[in-house]
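A.B. asks: here is my input; please provide its structure:
(one chain, ligands or ions: 2)
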Amino acid sequence: MSEEVKQRINNSAENYERELYREDRGEIMNVEINYEELWAYVKSALAVYDQHGGMALTGIKFSRFEHTERVYRWMMILAEEYENELDMEALQIATILHDIGYSLNKEDMRSHAQDGAVLSREYLERIGYPAEKTEFICSLIARHSDKNALHAEDSPLELVLLMEADLLDDTGAHGIIMDTWIRSIRENASFESILAHIKKFSWRQIQKNPMRTEKACRIWEEKRNLTNRFVESLSMDLYGKCDLAE
Ligand SMILES: [Fe+2]
Ligand SMILES: [Fe+2]
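C.D. replies: Ligands and ions are numbered 1, 2, ... in the order given. This is a model prediction of the structure:
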């Protein structure tokens, strides 16, 4: 891990510790997560990636922090159905930290999920967060990019919801906008080339519903209908016919 990342963890955690320790007795108080602080830590940790790494793959500015905010909102929508069955605090913390692995330099990174679990553990241990809950949160982060985990029997509901929320981002209307943006900044952009790009990525991806919970399945279906309607309508506009096989 780079010195810079270590420093960022230390700075943020020191702020926490000042609040958490009783100065008179040096004891750790009841650890309540300060979500504002946690978001601020994630935002500053991902700032470097958002400036450089976000552009590398597609040429457009893709903010990993904004992705995290969107995933968090999807997670909260999905979690409404299961309020009483979830460790909501663990799920919230895991979602906010889930892509923190991208804060590492490319050379230091092995797997963003595994690295994210290591960074999250360091952070949570430093603020004195309970060991058992830290363990659980880190296991969610470590497994969140393992595609098999979404439908695995032993996956806790918290992991399923985190993975579904993660997959719902950049799909449907958002996916169409992203594809349009990515293709439009390349050479020889045209309506036809953008439509072809949308069909190749957003449209193709949305056909198979990977969701597991009922609500997430429904949301995916709505996104699929919207994407299909969009592609059909634009095909009619450009070609006067719609043949999705083309
Ligand atoms: Fe991820
Ligand atoms: Fe993610």
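A.B. asks: give me the number of residues near Leu97?
C.D. replies: 26 (other C-beta atoms under 10 Å). Quick note: C-beta positions are derived from backbone N, CA and C, even for glycine.
A.B. asks: ok, for it, nearest residue in space, not its chain neighbours?
C.D. replies: Ser120 (4.5 Å; C-beta to C-beta, 6 or more residues apart in numbering).
A.B. asks: ok, that neighbour to ligand 2 distance?
C.D. replies: With the distance defined as C-beta to the ion, to the nearest Å, Ser120 ends up 14 Å from ligand 2.
A.B. asks: that residue: neighbouring residues, count only.
C.D. replies: Using other C-beta under 10 Å as the criterion, the residues surrounding Ser120 number 26.
A.B. asks: what does Ser155 give?
C.D. replies: By other C-beta under 10 Å, the residues close to Ser155 number 18.
A.B. asks: nearest spatial neighbour of it, chain-adjacent residues omitted?
C.D. replies: Setting aside the residues directly before and after it, Ser155 is nearest to Ala149 in space (C-beta to C-beta, 6+ apart), at 5.0 Å.
A.B. asks: picking up where we left off before, which residues does the residue nearest to Leu97 contact?
C.D. replies: Residues near Ser120 by C-beta atoms under 8 Å, 6 or more residues apart in numbering: Ala94, Leu97, Ile100, Ile137, Cys138, Ile141.
A.B. asks: mind redoing it with 6 Å?
C.D. replies: Residues in contact with Ser120, defined by C-beta atoms under 6 Å, 6 or more residues apart in numbering, are Leu97, Cys138, Ile141.
A.B. asks: just the ones of those residues in helices?
C.D. replies: Using DSSP state H, the members of those that fall in helices are Leu97, Cys138, Ile141.
A.B. asks: report pLDDT for the residue nearest to Leu97.
C.D. replies: Note for Ser120: predicted pLDDT of 98.
A.B. asks: list the buried residues for the helix ranked longest in the chain?
C.D. replies: Longest among the helix segments of the chain by residue count, using DSSP H, is helix 214-239. Going by neighbour count (16 or more other C-beta atoms under 10 Å), the buried part of helix 214-239 is Lys215, Ala216, Ile219, Trp220, Lys223, Arg224, Leu226, Thr227, Phe230, Val231, Leu234, Ser235.
A.B. asks: which regions of this structure sit below the pLDDT cut-off?
C.D. replies: Within the chain, the ranges that satisfy pLDDT under 70 run 1-30, 54, 56, 245-246.
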